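In: Here is the input, now give the coordinates:
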Amino acid sequence: GARSSHAALAMRNDPQRLAWAVMLAAFGTFCITVIAVPISVRWLLNNSGRSQSVTLTLATGSAYASRPSVGIAEAVFGSLENLQSGTALETTGASRASLDFSAPFTNETLGAVNLYSDTQLVMLRANTPRFEFSPQPHLIDVSLRRGRLRASAAAGTTRAVQLIIRTPQANITLDAAGIVSVEVTAGETSVSVRDGTATVTTLASTLQLAADERTIVRTGTSELVVLRGQRNLVRNGNFAAAITDGWTTFRNRADAAEAPGEVQLGEQQGRTAVQLARRGINWAETGVKQDLKYDVRDLRRLTLHLDLWLAFQDLRNCGTLGTECPLMLRIEYSDANGKPTEWLQGFYYLASTDAGTSKRCVVCSPPTSDHQFAQRAEWYGYDSPNLLELFKTGGRPPVSIDTISLYASGHSFESYVGAVELLA
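Out: Just a heads-up that it's a prediction; the model follows:
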């Protein structure tokens, strides 16, 4: 009141004092500007991003996409490219689909999210820093509302990849290359780490999971506990080590003068994989094999997961006898009498136009399964039914799983396997 009016009057009566006040205020504004502008510009440059290239591919069944630019749910046939942030996806029944993320301009593979049956997911963000000097990672951020997914962050990328999966109960984060499975059911989220490490965060706590560890987060949970994951009976199943670690290679061919085929480690779309390749005229097979000798009498469930990529085949389906697929998996097991039996599962992309061509091995003893169709030049994830129940249908329940083999068979072929898991 009176005091402030007196101070203002005194300042008007003292021009020198007024000048100093104006100069100090201007200098303060200058200092703030000098500091704030570079910080703001730096923040903008570091955090400015571009949208990644995101493609949805339908593997089997039915899937629907609700894109913000369209506004209604669309049935997916084949694939949808350049999906935007905010796109909602849904699979129905026994369907499977995959989301593939790649960097803008370079098309470097960054990660993938495989959606299983009756799954609902929203793609929140998929951004890559605009400028090379930015310390920020590639970001893939999705929300799983219900159902199951398997997500992977690519290895060997020029910039780190951060993959976040948000559920009603927790956030799951991969800050480096790895693979995680997440399932959302009524009131709970199940998290299993297959490769690498993942951080599970709730409002109350944080937990880090390593490979083959899992946890269950229930609504209202205050404490997170590490649980023993399903054991992968296959050693070096992700081929992170040399092929000789756990595996032996084999090559067979009808004509010794022709090429025997190649078995080697390589990289396919950002993933380490074993390559099985050959060009020839007559029959040959090339593959890897691992001895297991695992007693399964006390097990109630045994399942197989396989990540594969088919690049080339020259025979339709899997040949006339159903034994020459560009990728085949063979499990040898023994029954209670020690009698050996084998089960074959094949994968192909070049389908026959002849309806009479068999889609399974016609010279194999039971149990037999239809070979699986997979899109060419795309990662395909296969999950088997309970193998213990399947093997029982052959009349000889297994006592021991003896070996597992991955091989390509035919004349000319090229296939890749990124992961094989026999989960007990």
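In: Is F30 located within a helix, as I assumed?
Out: Yes: according to DSSP: H, G, I helix; E, B strand; the rest coil, F30 belongs to a helix.
In: Where does the prediction get shaky in the chain?
Out: 1-14, 39-47, 229 (pLDDT under 70).
In: Now do the helices in it.
Out: Counting by DSSP state H, the chain has helices at residues 2-12, 15-47, 387-392.
In: Buried ones in the shortest one, by neighbour count?
Out: This points to helix 387-392. 387-388, 390-391 (16 or more other CB atoms under 10 Å). (Each C-beta comes from the backbone N, C-alpha and C, glycine too.)
In: Max pairwise distance over those residues: which two?
Out: Spanning the widest gap among the buried residues of helix 387-392 are L388 and L390, at 7.3 Å by CB to CB.
In: phi, psi of Q375?
Out: phi -60, psi 140 (degrees, to the nearest 10).
In: Which residue, other than its chain neighbours, is closest to it?
Out: Y349 (6.3 Å; CB to CB, 6 or more residues apart in numbering).
In: How about the contacts made by that neighbour?
Out: 310, 313, 326, 373-376 (CB atoms under 8 Å, 6 or more residues apart in numbering).
In: Which PyMOL command selects the buried ones in those residues?
Out: In PyMOL syntax, the buried subset of the contacts of Y349 is picked out as below (16+ other CB under 10 Å):
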select buried, resi 310+313+326+373+374+375
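In: just the contacts of Y349 now: which is nearest T185?
Out: Ranked by distance to T185 (CB to CB), these are led by A374 at 28.1 Å.
In: Could you tell me how far the residue nearest to the closest one when sequence neighbours are not counted is located from A311?
Out: Once flanking residues are discounted, A374 sits nearest to Y380: 3.9 Å by CB to CB, 6+ apart. Y380 sits 12 Å away from A311, going by CB to CB, to the nearest Å.
In: higher neighbour count, these two?
Out: Neighbour comparison, Y380 and A311: the larger count goes to Y380, with 22 against 16 (by other CB atoms under 10 Å).
In: Centre of the chain to stretch 339-346, how far?
Out: 28 Å (CA atoms, centre = their mean, to the nearest Å).
In: and it, which residues are buried?
Out: Under the neighbour-count criterion of 16+ other CB under 10 Å, stretch 339-346 has 341-346 buried.
In: Which residues does that stretch contact?
Out: Counting by CB under 8 Å, 6+ apart, residues outside stretch 339-346 touching it are 304, 318, 322-323, 325, 327-335, 360-361, 364-365, 367-369, 371-372, 382, 384, 387, 390-391, 394, 396, 398, 402.
In: For those residues, which PyMOL command selects only the ones that are buried?
Out: Listed next is the PyMOL selection for buried residues among the contacts of stretch 339-346, using 16+ other CB under 10 Å:
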select buried, resi 304+318+322+323+325+327+328+329+330+331+332+333+334+335+360+361+364+367+368+369+371+372+382+384+387+390+391+394+396+398+402
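In: Which members of the contacts of stretch 339-346 occur in strands, if any?
Out: Among the contacts of stretch 339-346, the residues falling in strands (DSSP state E) are 304, 327-334, 372, 382, 402.
In: Nearest to E285, out of the residues you listed: which one, please.
Out: M328 (8.1 Å).
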